[in-house]
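Trainee: Sequence and predicted structure are below.
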Amino acid sequence: MPFVPLPFVVALLLLILLWVVGRREDGAAPNLPLLGLILLAALQSVLTGLRWGYGIREVGYIAPVSAAIMPALLYAGVSRLVRASDRRWPALLVLHAAPAAIVMMLVIVRRDAVDAVLVAIDVIYASAILWLLRSGADGLRLAPFDGAVPAYRAIIAAAAALCLSALVDMLVSFEIASGQGARAALVIGIANLFILVIVGVAAAAASQSHVPRTIAEPMDQRSPPDAGEDAGTIARVNELMREKKLYRDANLNLNRLARRAGIPARQISAAINRVMAKNVSQYVNEHRIAEACRLLGETGQPVIEIMFAAGFQTKSTSTANSVA
């Protein structure tokens, strides 16, 4: 009976996850970088199985390159939820392709330097992702409020997985340098599987916050805190929630809210953070919960219908956001 390494099972599960996530049909543009990340994680798991399950050393020329591409895909996927477009994409494409190109060259001419470069890549991209999300879930301006908090948590988990990957690479390098490389294969195998599962599941969760196809990037300006401005901002947002009932829009995100209010997204987020001590996702979902409670008391509609009428997309996200 042929031996089937555990990494192959993990790869199959990741491909099934990719199929489940990719077949979602809601009229919104899929987050292609995050879907690509799941696919690459599956490929990396197969390479791990070939290397440590069947002893095929040749895959060692491919695995480091694909490992260098994964952080860039994660960053690109997060960027898709943070900003609508970037006119500098040709230059950015070259910039983000550079790490993989460097690793590819080192694999050929300086193999002993590959691990150190991979550690640096993981740490740099993890730091860049955390910087993008420095304002919390409100940083995902293009993610619908219904899924912003779960997506934020998933992205943080993926960034933590990058840091864990860097730590594992350092430990393995230390093991080999100290002459105890016999345990390196076991450490690499177990840690890589754990990391790939985290990255795959986190990418799937984050990719559920699809970006609407028609988005105009609103004007955004930095300004010092001002109590009067904060009060005016919150009054305007409250008016939209009360009179226009914007919270009923399941695809409502910070950019759409900013466009309807005529106020920069950063200003809305900062005002709600300072005055109400909560993020905009929590603020919007409190309106949705209040609306759902009202409908439960005043109508005889089924709970599922009330949930959708209040602006929630799924039972899981409504529950998660209500306790966030």
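Mentor: That came in fine, so what should we check first?

Trainee: Assess the claim that Leu140 and Arg153 are in contact.
Mentor: No: contact criterion Cβ atoms under 8 Å: Leu140 and Arg153 do not qualify, at 10.8 Å. C-beta coordinates here come from the backbone N, C-alpha and C atoms, glycine included.

Trainee: the more surrounded of the two?
Mentor: Legend: neighbour count by other Cβ atoms under 10 Å for Leu140 and Arg153, higher for Leu140 (29 against 16).

Trainee: show me what contacts the more buried one?
Mentor: Applying Cβ atoms under 8 Å, 6 or more residues apart in numbering, we find Leu140 in contact with Leu81, Val82, Leu133, Ala148, Ala151, Tyr152, Ile155, Ser209, Asn253, Leu254.

Trainee: And the fourth one, how close does it get to Ile156?
Mentor: Okay, so that is Ala148. Remark: distance between Ala148 and Ile156 (Cβ to Cβ, to the nearest Å) = 13 Å.

Trainee: which helix is the longest one in this structure?
Mentor: Ranked by residue count and defined by DSSP state H, the top helix of the chain is helix 145-177.

Trainee: got the angle between whichever helix or strand comes after that one and helix 145-177?
Mentor: Later in the chain than helix 145-177, the nearest helix or strand by DSSP states H and E is helix 184-207. Counting by axes from the mean of the first three to the mean of the last three Cα atoms, to 10 degrees, helix 184-207 lies at 170 degrees to helix 145-177.

Trainee: which helices and strands does the host helix or strand of Pro71 pack with?
Mentor: Here Pro71, judged by DSSP H and E, is contained in helix 63-82. Contacts defined by 3 or more Cβ pairs under 8 Å, 6 or more residues apart in numbering; DSSP states H and E place helix 63-82 against helix 32-54, helix 89-109, helix 114-132, helix 145-177, helix 184-207.

Trainee: and the first one, average pLDDT?
Mentor: Pointing back at helix 32-54 there. Averaged over helix 32-54, pLDDT sits at 85.

Trainee: buried set for it?
Mentor: The neighbour-count check on helix 32-54 (16 or more other Cβ atoms under 10 Å) flags 33-53 as buried.

Trainee: just for the stretch 51-200 of the chain, where's the confidence low?
Mentor: By pLDDT under 70, the weakly predicted segments of the stretch 51-200 of the chain are 84-90, 175-190.

Trainee: Could you give the separation of whichever strand or helix holds Val20 from the chain centroid?
Mentor: In this assignment (DSSP H and E), Val20 forms part of helix 6-22. Distance of helix 6-22 from the chain centroid (Cα atoms, centre = their mean, to the nearest Å) equals 18 Å.

Trainee: Can you show me the CA trace of it as CSV?
Mentor: As requested, C-alpha coordinates have been extracted for helix 6-22 and formatted as CSV (Å, rounded to 0.1, in the frame of the first residue of the first chain):
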residue,chain,number,x,y,z
LEU,A,6,0.0,14.0,5.8
PRO,A,7,1.0,17.1,3.7
PHE,A,8,-0.9,15.7,0.8
VAL,A,9,-4.0,15.4,2.9
VAL,A,10,-3.5,19.0,4.0
ALA,A,11,-3.1,20.1,0.4
LEU,A,12,-6.4,18.3,-0.6
LEU,A,13,-8.2,20.0,2.3
LEU,A,14,-6.9,23.4,1.2
LEU,A,15,-8.0,22.8,-2.4
ILE,A,16,-11.5,21.9,-1.2
LEU,A,17,-11.4,25.1,0.9
LEU,A,18,-10.4,27.0,-2.2
TRP,A,19,-13.3,25.5,-4.2
VAL,A,20,-15.8,26.3,-1.5
VAL,A,21,-14.7,29.9,-1.2
GLY,A,22,-14.2,30.5,-4.9
